[in-house]
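here you go, sequence then predicted model.
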Amino acid sequence: MDLRVNLGKDSYNIYIQQGLLDHLLEYLLPLCQGKQIMIISDDQVFSYYGQKIEEQLQSHYRVGHVILPHGEQSKRFDILPEIYHQLLSFHLTRTDAIIALGGGVIGDLAGFVASTFLRGIQLIQIPTSLLAQVDSSVGGKVAVDLPEGKNLVGAFKHPACVFIDPLTLKTLDQRYINDGMGEVIKYGCIFDKDLFQKLISYQSFEDLYQDIDEIIYRCVDLKRIVVEKDLLDFGDRLALNFGHTLGHAIEQYYHYETYSHGEAVSIGMYQLSLISEAKGLTQKGTANQIKKALDLYHLPSASHVPTQELKKAMALDKKNIHQKLNFVLLKEIGDCFIYPSDLSFIDESQEV
């Protein structure tokens, strides 16, 4: 299954195919015209796929790798100088390419490196987690974290191509399948009621896996449509932030150690929908439908953090413009809207 993101000179293809990593070279040869490729990955993912990919590429390219510890802590701003140093030591040039091999953390980090090193070099995304496959590898948003918050230093760097091999999901811990389902559920909530109903109809993860290629394709296609309409995240693309304003604040509060991104977004979607229902902005019972989906995929719905603590992080959110926030709310499942407000939208006496 193939898709094309039509962005003029920044257009690129997305390939979704089981076993795709076994045939990567034939796709890369027309794309990567330089003589060198640097793989940026983490210690877990590289141990599964690094040798296979390097052995393929070495017949045509000089190949190097930068391996980082897995987890959000590797997305720190202060880790960048060491990565740049390794690229310089490898003598990577502007005609060469970087492959981001990993989940959302690696995709964001390697993408930011590719956007800034030598003022920008070619980027290939190979997402290996469900969350990265359905969301973060597509759309060109790349970033690193500061102590004050998540993704506060970033850029728009579109890949030359995205290669999605759903077989990589077989090496994930179950928690990170659940994590990715947080973003899948988000797409159903904001855009596609039929997708949402399909997700809550499965009796087991085995049933879900049988349709995983189609589910990935649907989520990526929904994101493609939005990105083509709103490249720089000021209009329709804001809908993709459903649950994220609260979710990012929860991640930061726990120093990225307690909740994964998909888990934090899940809490954000449910809690924000409860607030919105109480204000009469969302159809009653919507939050309960979200919780049903979250429970089915073993995702949390509460973090038990006082909202006054979360507001400190939300005040620094990059979407907070002139002290205003655009909250993404649901009229009902599958129908979202943007609600301009400020931090007072969330009652400080509450816990989230």
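Yes, it's here. Numbers count the residues shown, from 1 in each chain.

low pLDDT regions in the stretch 151-300 of the chain?
Along the stretch 151-300 of the chain, the parts satisfying pLDDT under 70 run over 231-235.

show me the strands in it, by range?
In the stretch 151-300 of the chain, the strands defined using DSSP state E, counting those that start in this stretch lie at 161-164.

and the helices in it, which stretches?
174-190, 193-199, 205-210, 212-229, 244-253, 261-278, 286-296 (DSSP state H, counting those that start in this stretch).

out of these, flag the one nearest residue 117.
Residue 117 lies closest to helix 212-229 among the helices of the stretch 151-300 of the chain, at 23.7 Å (C-beta to C-beta). All C-beta atoms are positioned from the backbone trio N, CA, C, and that covers glycine.

grab the most central residue of this structure for me.
When C-alpha atoms, centre = their mean is applied to the chain, the residue found nearest the centroid is residue 136 (2.7 Å).

residue 176 versus the nearest residue to that one once chain neighbours are set aside, what's the distance?
Nearest residue to residue 136, sequence neighbours excluded (C-beta to C-beta, 6 or more residues apart in numbering): residue 104, at 4.1 Å. From residue 104 across to residue 176, the span is 10 Å (C-beta to C-beta, to the nearest Å).

closest one to residue 97 among the helices of the stretch 151-300 of the chain?
Of the helices of the stretch 151-300 of the chain, nearest to residue 97 by C-beta to C-beta is helix 212-229, at 21.7 Å.

what residues does that closest one touch?
Under the contact criterion C-beta atoms under 8 Å, 6 or more residues apart in numbering, helix 212-229 has outside partners 1, 3, 5-7, 14, 16, 18, 130, 133-135, 138-140, 164, 166, 169, 183-184, 187, 191-192, 195, 198-199, 208, 235-237, 239-240.

could you turn the buried ones of the residues you listed into a PyMOL selection?
In PyMOL, this line selects whichever of these come out buried by 16 or more other C-beta atoms under 10 Å:
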select buried, resi 3+5+14+16+130+133+134+135+138+139+140+164+166+169+183+184+187+191+192+195+198+199+208+237+239+240
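
put together CSV for the helices of the stretch 151-300 of the chain, with distance to residue 36 on each row.
CSV is the format used below for the helices of the stretch 151-300 of the chain (distance: least, C-beta to C-beta, whole Å):
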stretch, distance to residue 36
helix 174-190, 31
helix 193-199, 41
helix 205-210, 37
helix 212-229, 29
helix 244-253, 35
helix 261-278, 32
helix 286-296, 44
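
show me the one of those that comes nearest residue 78.
Closest approach to residue 78 among the helices of the stretch 151-300 of the chain (C-beta to C-beta): helix 244-253, 16.2 Å.

contacts for that closest one, please.
Around helix 244-253, the neighbours that count as contacts under C-beta under 8 Å, 6+ apart are 72, 149-151, 259, 261, 264-269, 271-272, 303, 305, 309-314, 317, 319, 325, 327-328, 346, 352.

the inter-axis angle of that helix versus helix 174-190?
Here the directions of helix 244-253 and helix 174-190 differ by 160 degrees (axes from the mean of the first three to the mean of the last three C-alpha atoms, to 10 degrees).

how far does helix 244-253 sit from the chain's center?
Put simply, helix 244-253 sits 14 Å off its chain's centre (C-alpha atoms, centre = their mean, to the nearest Å).

likewise for stretch 154-167?
Taking C-alpha atoms, centre = their mean, the mean C-alpha location of stretch 154-167 is offset from the chain mean by 10 Å.

got the buried residues for it?
Applying 16+ other C-beta under 10 Å to stretch 154-167 flags 154, 157, 158, 159, 160, 161, 162, 163, 164, 165, 166 as buried.
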